[in-house]
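Enquirer: Task: produce atomic coordinates for the following.
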Amino acid sequence: MLISLILIIFEFVLNGKKISVVLPAYNAAETLEQTYREIPLDIVDVVILVDDASNDKTSEKAKDLGLTHVIRHEANKGYGGNQKSCYKKALSLGSDIIIMLHPDYQYTPKLIHSISGIIAFDVYPVVLGSRILGKGALKGGMPIYKYLANRILTLFQNIVMGQKLSEYHTGYRAFSKEVFDKIDIHKNSDDFVFDNQMLAQICFSGLEIGEVSCPTKYFNDSSSINFSRSVTYGMGVVKTTLLFRLAKWKVYTNKIFK
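Expert: Below is the predicted model:
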C-alpha cells in the first residue's frame, strides 16, 4: 500500500510523464551493473540498452540484471547509429521523456530526478548534464587536452551559433518526445559527431536547452575516444557549426537542417 502511494506521488510530481532511460552500450559489461543500480526506478518507467556488437558480455549482463528491453546490433553501427536505435525504441514505447545515459558510469544516474522534472514541467524541452558548470570535469579526471578542446570548441560554437551553453560535448542528455518531431536524427552521422549534429539541429529549430551541473568520472573502464578520433570529432564539430551558420544565412542548407 505504501509503495503504491509513493509511486502515485512520484507520477503526480513528474506530471504523469512516461520516462525512459536509454543506454547506448559498447563493451560495458564491467560498469553496467553499477550504472543500472543507481537509476531511480521509482520514476523511470523503461530502461533500454542497445549493445553495439560488443566484444564482451554486455547483452548477457543486461539481461541478468533484469532489463526487458535489450537490443543487440550484430554489426557495429557506431555511436550515432547506436543512439538512433535507442531513440527509435524509446519512442515506439510511448516515452514522453528520454534520457540518454552512458553505461560506463562516467555520469551519475542520481541526477535523473532533477533532469526529468525540468522537462516534465515544460521548463526546457532539452536538458544537458554539464561537466563544465562547476568544477566537475578536471576534478573528475578529464584529460587536460580534452578539457581545453572542449572549452575552445564550445566558445567557437557559442559565437557562431549565437548560444550560451557551457558545453556541447557531454554524453548526458535528456529530451522531450516533441524534440524528435522537430528534427530528423536519421540524417545525422553514425559516428561520434552525431551528438553535436543533434544539438545543432535543436538550436536551428529554435528549441531552448537547459543545463545542470554534473560531476563526472574518468577511469579505465570508462568509454572514451582516443586522440586521433578526438581530432576527427573536433573537425566534425567545426564543420557542423559552419553548416549551421550557412543554413541560418540561407546560403547553403545541409541535409541535417532540412
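
Enquirer: for the stretch 101-250 of the chain, which spans come out with low pLDDT?
Expert: Confidence mapping of the stretch 101-250 of the chain against pLDDT under 70 gives the ranges 219-224.

Enquirer: which stretches of it form strands?
Expert: For the stretch 101-250 of the chain, the strands defined by DSSP state E, counting those that start in this stretch cover 126-130, 173-176, 209-213.

Enquirer: and residue 255, how many residues sit next to it?
Expert: 9 (other Cβ atoms under 10 Å). No exception for glycine: its C-beta is placed from N, CA and C like everyone else's.

Enquirer: hang on, it packs against residue 187?
Expert: Yes: if you go by Cβ atoms under 8 Å, residue 255 and residue 187 touch, sitting 5.0 Å apart.

Enquirer: Quick check: phi and psi on the nearest residue to residue 216 once chain neighbours are set aside?
Expert: Using Cβ to Cβ, 6 or more residues apart in numbering and skipping the chain neighbours, the partner closest in space to residue 216 is residue 140 (4.0 Å). The phi/psi pair for residue 140 (degrees, to the nearest 10) reads phi -80, psi 0.

Enquirer: mind checking how far residue 140 is from residue 132?
Expert: For residue 140, the distance to residue 132 equals 11 Å [Cβ to Cβ, to the nearest Å].

Enquirer: quick one, what contacts residue 240?
Expert: 193, 196, 197, 200, 256 (Cβ atoms under 8 Å, 6 or more residues apart in numbering).

Enquirer: ok, back up a step: so for residue 140 and residue 132, which sits in the more crowded spot?
Expert: Neighbours around residue 140 and residue 132, counted as other Cβ under 10 Å, are more numerous at residue 132. The numbers are 24 against 17.

Enquirer: So that one sits against residue 154, correct?
Expert: Yes: counting by Cβ under 8 Å, residue 132 touches residue 154, with 7.4 Å between them.

Enquirer: Quick check: buried residues in stretch 84-96?
Expert: Buried residues in stretch 84-96, counted by 16 or more other Cβ atoms under 10 Å: 84, 85, 86, 87, 88, 89, 90, 95, 96.

Enquirer: if we can go back for a sec, between residue 140 and residue 132, which contacts overlap?
Expert: With Cβ under 8 Å, 6+ apart applied, the contact sets of residue 140 and residue 132 do not overlap.

Enquirer: can you map out the helices along the stretch 101-250 of the chain?
Expert: Counting by DSSP state H, counting those that start in this stretch, the stretch 101-250 of the chain has helices at residues 112-120, 136-139, 144-161, 179-182, 194-205, 227-248.

Enquirer: who touches both of residue 132 and residue 154?
Expert: Jointly contacting residue 132 and residue 154 under the rule Cβ under 8 Å, 6+ apart are 166, 167.
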